[in-house]
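Visitor: quick one, what's the 3D model for this:
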Amino acid sequence: MKVNISKAAEMVGVTRATFYRHIEKKGITVGEDADGNPQVDVSELIRVYGDRVKADTNSEQSRTDLNAQAKQVETVFDTAEIAALKKQVELLELSQKREREILEGQIEHLKETLEKSQESQSRLTILLEDKSKKEEGEEQWKSSMNALEARIANQEEAAQQDKLRAQKAIKQNRALKKALEQEQNKTFWQKLFG
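Guide: Okay, here's the model as predicted:
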C-alpha cells in the first residue's frame, strides 16, 4: 500500500517538513503515482520507523495491509540477521580451524625437536661410556661433548622460542575471537534497539 507524503508524515507522527528531511537523512525510498505525485510504500515506513507507524484507523483494509507489510519487513530483517549470524559463525569456525592448524604444526615441530634432543642425549651417553673405556682421545671427546652440549642448548632454546610463538599466536587468536564476539553482540543490540 502506498500513501502520499502528508499521510506518511501523519502515520509516523512527524510534520511534513520533518518527513522530507527524513527522506534524505534516513534513506526513505519515494516513488511516484501515475500523475507524478510522490508516494511512499507503507513497508518502507515500517522499515525505517518500526513500531512508530500508526495505521489509518478509519480503514480496516489499511490496518490489514499495514500488518501484512510489517510481517514482510520482519521476515526480511530476520533473514538478513540469520545470514549475518551464519557469516559470523563461519568466521569463528575459520578462526578456530586456523588456530588448530597453527597449534598442530607447532606441536609437530616440538616433537621433532624433542626427538633430536633425545638422539643427542643418546650419543652423549655413548660417548660418556666410551670415554670411561678409553683414555685416549680425551681432547676429541671434550670437543665432541662441548659441541653436543651446545647443540642441545640451541635445540632447547629453539623449542622455547617456538613455545613462546605458539602462546603468542593463541593469545592473538583469542583476542580476534573476543573482538568478533563483541562486534557480533554490538551488531545484535544495535539491530535490536537501533
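Visitor: could you check stretch 160-177 and say which residues are buried?
Guide: Within stretch 160-177, the residues that count as buried by 16 or more other CB atoms under 10 Å are D162, A166, A169, N173. All C-beta spots, glycine's among them, are computed from the backbone N, C-alpha and C.
Visitor: need those in a markdown table with pLDDT and secondary structure, can you?
Guide: Listed next are those as a markdown table, based on pLDDT from 0 to 100; DSSP: H, G, I helix; E, B strand; the rest coil:
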| residue | pLDDT | secondary structure |
| --- | --- | --- |
| D162 | 86 | helix |
| A166 | 85 | helix |
| A169 | 86 | helix |
| N173 | 88 | helix |
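Visitor: tell me which of the residues you listed is nearest to A8?
Guide: N173 (49.2 Å; CB to CB).
Visitor: count of neighbours near I46?
Guide: 23 (other CB atoms under 10 Å).
Visitor: show me the contacts for I170.
Guide: E99, L103 (CB atoms under 8 Å, 6 or more residues apart in numbering).
Visitor: what about it, helix or strand, and which?
Guide: helix 138-193 (DSSP states H and E).
Visitor: and which of the buried residues of stretch 160-177 is nearest Q96?
Guide: Checking the buried residues of stretch 160-177 one by one against Q96 (CB to CB), the nearest turns out to be N173, at 8.0 Å.
Visitor: which SSE is the closest residue to that closest one other than its chain neighbours in?
Guide: Leaving aside its sequence neighbours, N173 sits nearest to E99 (CB to CB, 6 or more residues apart in numbering; 4.3 Å). Using DSSP H and E, the element containing E99 is helix 60-133.
Visitor: so how many other residues sit close to the residue nearest to N173?
Guide: Neighbour tally, E99, other CB under 10 Å: 17.
Visitor: OK, contacts around it?
Guide: E99 touches A169, I170, N173, counting by CB under 8 Å, 6+ apart.
Visitor: will you turn the residues you listed into JSON lines that also has distance to N37?
Guide: Listed next are the contacts of E99 as JSON lines, based on distance: CB to CB, whole Å:
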{"residue": "A169", "distance to N37": "62"}
{"residue": "I170", "distance to N37": "63"}
{"residue": "N173", "distance to N37": "57"}
